[in-house]
Every structure is written in structure tokens, then in C-alpha cells.
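Peer 1: quick one, structure for this:
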Amino acid sequence: MNEVDVLKLFADAQRIDVARGKKVVSFESPFAETEPLLKSVMGRSGNLRAPTIRKGKRFFVGFSAEGYQALLGLK
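Peer 2: Got it, this is the predicted structure:
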């Protein structure tokens with residue numbers, strides 16, 4: 001999935017959380033600048049990082065057990 005497709009996917013998102021190591025960075029809608037968002041969600045290959053989970057209008061990109069628990073209301 002290239003940058004144009006990723007921006008289309010995230011067009012109606014209210015919040016995007018991105019796991020980077022032990023850190024989680026959040027982006028709130030409206031996204032004033034797309035460059036920092038794309039830099040966070042795109043992998044080295046130029047594709048959307050996996051795993052990517054959508055729950056309603058919220059996305060979670062990358063792996064974080066704590067982030068998944070918060071997203072799914074388990075914590």
C-alpha cells in the first residue's frame with residue numbers, strides 16, 4: 001500500500017496510534033501535516049507497516065500489547 005492509498009485509508013480516521021518500539025505516538029484528526037504521519041506509518045519498503053488494526057474511526061499501526069489492550073478496551 002503506497003502513500004496515496006494510505007492517506008485515502010486514513011481519510012476518515014479520528015485518531016491514529018503508531019507503536020515504535022516501546023513508544024506509542026498518537027495523531028489526532030484533522031492531520032495538519034501528513035509528512036510526520038506517513039514517516040511513522042510507512043515501513044522501509046515503502047508500504048504500510050504491519051500489523052495495522054482499525055476499530056471504528058481509530059487505527060493502531062505496529063505492535064504493542066499495551067496499545068492493543070487500550071484499543072480493545074481490555075485495560
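Peer 1: mind checking how far the lowest-mean-pLDDT helix or strand in the chain is from the chain centre?
Peer 2: Every helix and strand of the chain was ranked by mean pLDDT, DSSP states H and E. The lowest is helix 65-71, at a mean of 83. With Cα atoms, centre = their mean, to the nearest Å as the basis, helix 65-71 stands 13 Å off its chain's centre.
Peer 1: stretch 56-75 too?
Peer 2: With Cα atoms, centre = their mean as the basis, the mean position of stretch 56-75 lies at 10 Å from the chain mean.
Peer 1: hmm, who's touching it?
Peer 2: With Cβ atoms under 8 Å, 6 or more residues apart in numbering as the test, stretch 56-75 has contacts from 10, 12-20, 22, 24, 40-41, 48-49, 51-53, 55. Placement of C-beta: from N, CA and C, glycine included.
Peer 1: for Leu38, pull up the helix or strand it's in.
Peer 2: helix 34-41 (DSSP states H and E).
Peer 1: and the pLDDT for Lys75?
Peer 2: At Lys75, the model reports a pLDDT of 64.
Peer 1: same question but for Val25, I mixed them up
Peer 2: So Val25 comes in at 93 (pLDDT).
Peer 1: so it sits against Asp17, correct?
Peer 2: Yes - with contact defined as Cβ atoms under 8 Å, Val25 reaches Asp17; the gap is 7.3 Å.
Peer 1: more neighbours: those two, which one.
Peer 2: Asp17 (20 against 15; other Cβ atoms under 10 Å).
Peer 1: which residues are contacting the host helix or strand of the more buried one?
Peer 2: Counting by DSSP H and E, the element that carries Asp17 is strand 15-20. With Cβ under 8 Å, 6+ apart as the test, strand 15-20 has contacts from 10, 24-29, 37, 40-41, 49, 57-64, 67, 71.
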